[in-house]
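[1] Please find the sequence and the predicted model below.
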2 protein chains.
Amino acid sequence: MENFDFFNPVKILFGKGKIAELGNHIPKDAKILMTYGGGSIKKNGVYDQVKTALEAYHVTEFGGIEPNPHFETLMKAVEIVRSEKIDFLLAVGGGSVLDGTKFIAAATYYEGEDEWDILAKHAEISKAMDLGAVLTLAATGSEMNSGGVVTKAATKEKMAFGNPLLFPKFSVLDPETTYSLPQRQITNGIVDAFVHVMEQYLTYPVNSPVQDRFAEGILLTLIEEGPKALASATPDYENRANLMWAATMALNGLIGMGVKSDWATHMIGHELTAFHGIDHAVTLAIVLPGLLNQLKEKRGEKLLQYAERVWNITEGSEKKRKNLAIEKTEAFFNQVGIATHLSEYNVGQDSIDVIVKRFEGRGYVGMLPDVEVKDVAEILEARL
Amino acid sequence: MENFDFFNPVKILFGKGKIAELGNHIPKDAKILMTYGGGSIKKNGVYDQVKTALEAYHVTEFGGIEPNPHFETLMKAVEIVRSEKIDFLLAVGGGSVLDGTKFIAAATYYEGEDEWDILAKHAEISKAMDLGAVLTLAATGSEMNSGGVVTKAATKEKMAFGNPLLFPKFSVLDPETTYSLPQRQITNGIVDAFVHVMEQYLTYPVNSPVQDRFAEGILLTLIEEGPKALASATPDYENRANLMWAATMALNGLIGMGVKSDWATHMIGHELTAFHGIDHAVTLAIVLPGLLNQLKEKRGEKLLQYAERVWNITEGSEKKRKNLAIEKTEAFFNQVGIATHLSEYNVGQDSIDVIVKRFEGRGYVGMLPDVEVKDVAEILEARL
């Protein structure tokens, strides 16, 4: 196990009815900006629950944060925050609304010339506005971490940022808020959480049995509970609760402590979203099988452990077990409703060439040296 | 899964050499009281590492905190804190030193007449001194939680207390600090962590697959790594690191979220320590097999899951599988060197009678209704 620092001060308020407790966790005199997305919270009752809980507060609203939240949109919110002297941000939505709200929290106090530098140049975040969240989608883990991803629409750049100041003060996780989600979003959430775990688990062994078993526990839960959520005509509370907690634990830092994390799948996937608008989780489902195929030798030991403990594959040659584990992974993505080939999204060789150029300019892919810039073409070409 | 609130703001600094970073986490102008136990840290180099890291600070020392820390001893530290205007506590040791230091942190500001009321009457803790910890023993989890247990020597009462104000600001977990531990303390740590997990896991099923698998992952790690630590002539870093992280995760709140926790084994065990001075972990190893036997029907479902997932017991009747799981649990305690019968500690029926009386006076055992006061006699008599 490698040395690590772990710190995660997010207060999690988990369960049905928890939105009503919001007022216990926001300063009484706060001027709140409530951020949300396309307005589905107005149809499913979440908006009303939040407004009722915040009756005693001064609340300004900022709706319309899109999936893969745009820098351009978020800067409009920053202007409102500055001009209306907002002092608390409440994000109500999924990962995009939460990520976007973290960016607003950081950008509001940014003193440099261009707030985009927070992403493009990793400009220092020395102050951020307090924020809280009401989660409505089990997926990204943003509710219990301090990072986010924002897209600049003008240049089609999708980039990550993070700072301990951006941990939400609290996050409300009420599984009932996910009841009205369309299947596509449930599917995306399952796959997103799954690949978050894989980025931290399927790398090199560093003798970390606790972290490994936690990671495997989350994967097994997603494999069990995911298809159940999609199959049931009426939402089941326990099922939705387990998916929600699994997705949160997948990216709150814990399983990544002391181990080698990668994120190459995300880095390549982000480009597919940036250039083609493909759903984030879908890009991960496309890229991961290609990446694992590419790394069958270099990550062989962990791949065999994954085969055995997650997919119960114990027979056959090492080669056969590895291949079967990768096949089962892709089949799981297909099972929950995701097509996993680029051609199914009208992405061809020309797009791959553009993406490869971007990585060549950047000079790296993920955080581990075993995925090199020159591998990106091969990984994507195998996914055509 | 039940509703829950989760909050754990402890910063964990994990790994070799991490003691040197202490100064980054304590205010520069702090007047520190450094607390420790019997002085083993002066022989194994930990004392010197801490003093070197704190060279720039004003440090007062308070050694001699005993196992099952005494209220009487701790109140002497409280006097020093008050008279010397200490404003930061640094606990260097195992669970007893950490628990004791949490009590000092709370008692210093207690305004009632008798500080013992913090334990006996659960008197409110409205203010506590900031504290940090350097852990030297993988066992209690006190390094990442906000509770403790203190004993009043005068009346042989061992009681628990806790408050979110008592989370350490940070805890340094350097596995190398455990290299010089005697076998007895390593054994006790393994069993203590194991039973911490069992108190939160082996109760009733509430459909909590993530929590269950995390709990099972910790148990499996303790079963694998524990005997290795005891067998190796020279300490192995990875082995000690995994034991340390497993013990911390066993009682930092996470695996207990949304599930039914019990703590009856601890409650009964505490009395054996209070009356007979038997090591805390040893009392747990004595009591747990008796408790599980008593609950074979009431906790049958979870016991069968435990049998299969932790001990790989998949064949035979339900009755046989349950019995085998309990036998394997006791055999594990024996394997790591603990005798698990009261007679081996010269505890007889007369002592059981005294302990039963104490529970009759209290009116409850653990936190779940399936262990009743009337069961205590039967559980203990089966362990003679």
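    It's in. Since this is a predicted model, take the numbers as computed values, not measurements.
[2] now the helices for chain A?
    A:40-43, A:46-53, A:71-83, A:95-107, A:117-120, A:183-201, A:209-231, A:237-250, A:264-276, A:280-294, A:300-311, A:318-335, A:349-362, A:373-381 (DSSP state H).
[3] And the contacts of the second one?
    Helix A:46-53 is contacted by residues A:19-23, A:34, A:36, A:41, A:59, A:90, A:92, A:134, A:136, A:177 when judged by CB atoms under 8 Å, 6 or more residues apart in numbering or on different chains. In short, each C-beta sits where N, CA and C put it, glycine included.
[4] Same question for the third one.
    When contacts are taken as CB under 8 Å, 6+ apart, the neighbours of helix A:71-83 outside the stretch itself are A:33, A:35, A:60, A:62, A:64-66, A:86, A:89, A:100, A:103-104, A:107-108, A:115-116, A:119, A:129, A:150-154.
[5] give me that answer again for 6 Å
    Helix A:71-83 is touched from outside by A:33, A:62, A:100, A:103, A:104, A:107, A:108, A:116, A:150, A:152, A:153, with contacts defined as CB atoms under 6 Å, 6 or more residues apart in numbering or on different chains.
[6] separation between the fourth one and residue A:113?
    Residue A:103 sits 17 Å away from residue A:113 when distances are taken as CB to CB, to the nearest Å.
[7] go on, the second one?
    If you measure residue A:62 against residue A:113 using CB to CB, the figure is 24 Å.
[8] Looking at these two, which is more packed in?
    The neighbour comparison of residue A:62 against residue A:113 (other CB atoms under 10 Å in any protein chain shown) goes to residue A:62, with 23 against 8.
[9] That one: what's it in contact with?
    A:33, A:35, A:77.
[10] could you give me the average pLDDT of stretch A:86-95?
    For stretch A:86-95, the mean pLDDT works out to 97.
[11] what's the answer for stretch A:152-162, then?
    Averaging pLDDT along stretch A:152-162 gives 92.
[12] Please save the CA atoms from that stretch in PDB.
    The C-alpha trace of stretch A:152-162 is given here as PDB (Å, rounded to 0.1, in the frame of the first residue of the first chain):
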ATOM      1  CA  LYS A 152     -16.200  25.000 -22.600                       C
ATOM      2  CA  ALA A 153     -18.800  24.900 -25.300                       C
ATOM      3  CA  ALA A 154     -16.800  27.400 -27.500                       C
ATOM      4  CA  THR A 155     -13.800  25.200 -27.800                       C
ATOM      5  CA  LYS A 156     -15.300  21.800 -27.000                       C
ATOM      6  CA  GLU A 157     -12.900  21.300 -24.100                       C
ATOM      7  CA  LYS A 158     -14.000  19.200 -21.200                       C
ATOM      8  CA  MET A 159     -11.700  19.500 -18.100                       C
ATOM      9  CA  ALA A 160     -11.500  18.500 -14.500                       C
ATOM     10  CA  PHE A 161     -10.900  20.700 -11.400                       C
ATOM     11  CA  GLY A 162     -10.900  20.100  -7.700                       C
END
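[13] How far does it sit from its chain's centre?
    Put simply, stretch A:152-162 sits 15 Å off its chain's centre (CA atoms, centre = their mean, to the nearest Å).
[14] Please read off the pLDDT at residue A:54 from the model.
    Reported pLDDT for residue A:54: 98.
[15] Tell me the spacing between residue A:65 and residue A:189.
    Taken as CB to CB, the span from residue A:65 to residue A:189 is 17 Å.
[16] and what of residue A:7?
    26 Å.
[17] between the two, which one's more packed in?
    residue A:189 (27 against 15).
[18] nearest spatial neighbour of that one, skipping sequence neighbours?
    Spatial nearest neighbour of residue A:189, excluding adjacent residues (CB to CB, 6 or more residues apart in numbering or on different chains): residue A:139 at 3.4 Å.
[19] so the one you found touches residue A:97, yeah?
    No - using CB atoms under 6 Å, residue A:139 is not in contact with residue A:97, being 11.5 Å away.
[20] Of the two, which one has the most company?
    residue A:139 (32 against 28).
[21] What distance do you get for that one to chain B?
    Using CB to the nearest CB, to the nearest Å, residue A:139 is found at 15 Å from chain B.
[22] go on, residue A:209?
    Residue A:209 sits 5 Å away from chain B when distances are taken as CB to the nearest CB.
[23] Go ahead and confirm that residue touches residue B:221.
    Yes - Residue A:209 lies in contact with residue B:221 (CB under 6 Å); the separation is 4.5 Å.
[24] which residues do these two both contact?
    By CB under 6 Å, 6+ apart, the residues touching both residue A:209 and residue B:221 are residue B:242.
[25] more crowded one of the two?
    residue B:221 (25 against 20).
[26] Apart from its neighbours in sequence, what residue is nearest the residue of the stretch 251-384 of chain A found nearest chain B?
    Residue nearest to chain B within the stretch 251-384 of chain A: residue A:258 (6.6 Å; CB to the nearest CB). In space, residue A:258 comes closest to residue A:1 once its chain neighbours are excluded; the distance is 4.0 Å by CB to CB, 6+ apart.
[27] How many neighbouring residues does the residue of the stretch 251-384 of chain A closest to chain B have?
    Around residue A:258 there are 20 residues (other CB under 10 Å).
[28] who's in contact with residue A:160?
    So residue A:160 contacts residue A:149 (CB under 6 Å, 6+ apart).
[29] and the angle for the worst-scoring helix or strand of chain A on mean pLDDT with helix A:349-362?
    Sorting the helices and strands of chain A by mean pLDDT, DSSP states H and E puts strand A:157-162 at the bottom, at a mean of 92. Using axes from the mean of the first three to the mean of the last three CA atoms, to 10 degrees, one finds that strand A:157-162 and helix A:349-362 are set 40 degrees apart in direction.
[30] returning to what we had before: which of the contacts of residue A:62 lies closest to residue A:341?
    Ranked by distance to residue A:341 (CB to CB), these are led by residue A:35 at 35.3 Å.
[31] which one is the residue minimising distance to the centre of chain A nearest to, not counting chain neighbours?
    When CA atoms, centre = their mean is applied to chain A, the residue found nearest the centroid is residue A:140 (2.7 Å). Closest residue to residue A:140 apart from its sequence neighbours, by CB to CB, 6+ apart: residue A:95 at 2.8 Å.
[32] Run through the residues that contact the one you found.
    Residue A:95 neighbours (CB under 6 Å, 6+ apart): A:139, A:140, A:142.
[33] so how far is chain B from the last one?
    Here the distance between residue A:142 and chain B works out to 16 Å (CB to the nearest CB).
[34] Show the model's pLDDT score for that residue.
    For residue A:142, pLDDT reads 98.
[35] In contact with it, which residues are there?
    Applying CB under 6 Å, 6+ apart, the residues near residue A:142 are A:95, A:98, A:99.
[36] okay if I get those as CSV plus distance to residue B:340?
    As requested, the contacts of residue A:142 are exported to CSV (distance: CB to CB, whole Å):
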residue, distance to residue B:340
A:95, 49
A:98, 50
A:99, 52
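[37] and of the residues you listed, the nearest to residue A:231?
    residue A:95 (23.9 Å).
[38] who in the stretch 151-300 of chain A is up against chain B?
    With the criterion set to CB under 6 Å from any CB of the partner chain, the stretch 151-300 of chain A comes near chain B through A:207, A:209-210, A:213-214, A:217, A:221, A:238, A:241-242, A:245-246, A:249.
[39] Give the buried subset of those as a ChimeraX selection command.
    Buried members of those, defined by 16 or more other CB atoms under 10 Å in any protein chain shown, are picked up in ChimeraX with:
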select /A:207,209,210,213,214,217,221,241,242,245,246,249
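[40] between the residues of the stretch 151-300 of chain A next to chain B, which is nearest residue B:372?
    residue A:238 (28.8 Å).
[41] With that, I have no additional questions.
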